[in-house]
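In: Quick one, fold the following:
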Amino acid sequence: MNAFLSRYFLIEAADCTLDLKYYVFHEDETGMLLMERIIAAANRVRVRLLFDDWNIAGKDFDLLMFNASQNGRSIRILPSRTWFATICSHMPNFFGCPSM
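Out: Next comes the predicted model:
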């Protein structure tokens, strides 16, 4: 509960930029409440979300809700192979990156 409340109040307090990174996101009650607050925050601050693409498969339409926000926000969804190749090119010693 403390982790949820911390995230909730940090999202509400954002006044410039909100950068969030999630490995796993579930469409349960707490996940949807946080997403609702993130979308509301996108109308007043810059929001950048980084999701592990393998765990959001099939949810692209949900994430596209950001495109409809008042400030003309947009979302970019990078294919996992592109994302992985980018990480490997910037961090060649990153765990799991093939040798280049």
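In: helices and strands of this protein: which one bottoms out on pLDDT?
Out: For the chain, the helix or strand with the lowest mean confidence is helix 60-63, at a mean of 59 (criterion: mean pLDDT, DSSP states H and E).
In: Give me the below-cutoff pLDDT ranges for this structure.
Out: By pLDDT under 70, the weakly predicted segments of the chain are 23, 51-100.
In: switch the cut-off to 80
Out: 1, 22-27, 49-100 (pLDDT under 80).
In: what's the burial count for the closest residue to residue 45 other than its chain neighbours?
Out: Nearest residue to residue 45 in three dimensions, chain neighbours excluded: residue 14, at 4.8 Å (CB to CB, 6 or more residues apart in numbering). Placement of C-beta: from N, CA and C, glycine included. Each residue near residue 14 was counted by other CB atoms under 10 Å, and the total is 19.
In: Give me the phi and psi for residue 14.
Out: Residue 14 adopts backbone torsions of phi -60, psi 130, taken as degrees, to the nearest 10.
In: wait, residue 14 sits on residue 43?
Out: No: in this structure, residue 14 is not within contact of residue 43 by CB atoms under 8 Å, at 11.3 Å.
In: Could you look up the next helix or strand downstream of the host helix or strand of residue 10?
Out: If you go by DSSP states H and E, residue 10 is part of helix 2-13. For helix 2-13, the following helix or strand on the C-terminal side (DSSP H and E) is strand 17-22.
In: What strands flank that next one, and is each parallel or antiparallel?
Out: strand 46-51 (parallel) (DSSP bridges).
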